[in-house]
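Undergrad: Sequence plus the predicted model coming up.
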Amino acid sequence: MRLNKYIASAGICSRRKADELIAAGNVKINGAVMREMGYDVQESDQVSVNGQMIEAAGRKVYVAVNKPKGYITSMSDERDRATVAELVKDIPERLFPVGRLDYNTTGLLLMTNDGDLAYRLTHPKHEVYKTYVAMVSGVVSDARLAKLRKGVDIGGFVTSPAKVRVIKQNPRSATVEISIREGKNRQVRKMFAAVGNKVIELERIAIGEIRLGHMQQGHYRKLTRREIEYLTNI
Ligand code: URA
């Protein structure tokens, strides 16, 4: 969408006034002043007018959040705990989380206002691998790795094959990378418990090809056009 139309459709002003704001250097794209009225705004662009971020009406927004501990993955909480909605509160659109992470799990959470995409991504038949780094107690022996890879019973449900590798084994704990396709409640914690290791820290580092990368906890970034295409093609 053309930049002047985009600004107007965010409900800030008329298209003519938008042209004036652009010409005066009051409009930035991804932090840099943009003076081209006809600039074609991309899904991944962050547009600000007079320092305020804006979104055009009806636009689909896709962000990757690095969830800290102590946030629940929902939009409100009757117990008044912090919710992930607070992490994206400067985005005018109402975004909701795709799937969930436990209160104490950190890392990659996708948030969007695209209901279709959220539904498809969380549907079991799509089989997107979600990758976690877990710090667990004790030794993750080859026998335990073999069980995790094959599938374990986590209380009435046998998990499907997982990809698992030990990154580092210390005397009393281990750092393990594990990729799973399902998203049962507390699944990674239950899988390790089933083989005798307790999860101490858990971080999600990837959902399919979307990677957390180097983003500070509590921060978010918009997905790139390629990442959005990847997700919509799943
Ligand atoms: N598995 C868990 O145990 N917790 C999460 O938050 C995600 C996957």
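TA: All right, it came through fine. Numbering: from 1, shown residues only.
Undergrad: after the lowest-mean-pLDDT helix or strand in the chain, next one along is what?
TA: The weakest-scoring helix or strand in the chain, judged by mean pLDDT, DSSP states H and E, is helix 115-122 (a mean of 82). Once the chain leaves helix 115-122, the next helix or strand it forms, by DSSP states H and E, is strand 130-137.
Undergrad: can you pull the buried residues of that next one?
TA: Buried positions in strand 130-137, judged by neighbour count with 16 or more other Cβ atoms under 10 Å: K130, T131, Y132, V133, A134, M135, V136. Bear in mind the C-beta positions are built from the backbone N, C-alpha and C, glycine included.
Undergrad: residues from this protein in reach of the ligand?
TA: Within the chain, the positions near the ligand by Cβ under 6 Å from any ligand atom are L101, D102, T105, R186, Q187, V188, R189, L202.
Undergrad: right, and the third one touches P68 too?
TA: Pointing back at T105 there. No. With contact defined as Cβ atoms under 8 Å, T105 does not reach P68; the gap is 9.9 Å.
Undergrad: if you count what's nearby, which of these two comes out ahead?
TA: The neighbour comparison of T105 against P68 (other Cβ atoms under 10 Å) goes to T105, with 23 against 17.
Undergrad: Can you report phi and psi for that one?
TA: phi -90, psi 140 (degrees, to the nearest 10).
Undergrad: circling back to that earlier point, buried subset of the residues of the chain next to the ligand, written for PyMOL?
TA: Paste this into PyMOL to select the buried members of the residues of the chain next to the ligand, with burial taken from 16+ other Cβ under 10 Å:
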select buried, resi 101+102+105+187+188+189+202
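Undergrad: Closest one to A143 out of the residues of the chain next to the ligand, please.
TA: The shortest approach to A143 among the residues of the chain next to the ligand belongs to V188, at 18.8 Å (Cβ to Cβ).
Undergrad: give the contact list for the closest one.
TA: Y132, A134, I178, I180, V199, L202 (Cβ atoms under 8 Å, 6 or more residues apart in numbering).
Undergrad: go again using 10 Å as the cut-off
TA: Applying Cβ atoms under 10 Å, 6 or more residues apart in numbering to V188 gives the contacts 102, 105, 130, 132, 134, 136, 148, 154, 159, 162, 176, 178, 180, 199, 202, 204.
Undergrad: what's near enough to touch the fourth one?
TA: Right, Y132. Applying Cβ under 10 Å, 6+ apart, the residues contacting Y132 are 101, 105, 107-108, 176-180, 187-189, 199, 202-206.
Undergrad: and if you look at the last one?
TA: With contact set as Cβ under 10 Å, 6+ apart, R204 has these partners: 66-67, 99, 101, 105-109, 130-134, 188, 212.
Undergrad: Between these, which sits nearest Y220?
TA: Once Cβ to Cβ is applied, the member of the contacts of R204 that ends up nearest Y220 is N66, at 7.3 Å.
Undergrad: Next, work out how far apart the closest residue to that closest one other than its chain neighbours and K147 are.
TA: Distances taken as Cβ to Cβ, 6 or more residues apart in numbering place M215 nearest to N66, at 4.5 Å, with adjacent residues excluded. Relative to K147, M215 is positioned 33 Å away (Cβ to Cβ, to the nearest Å).
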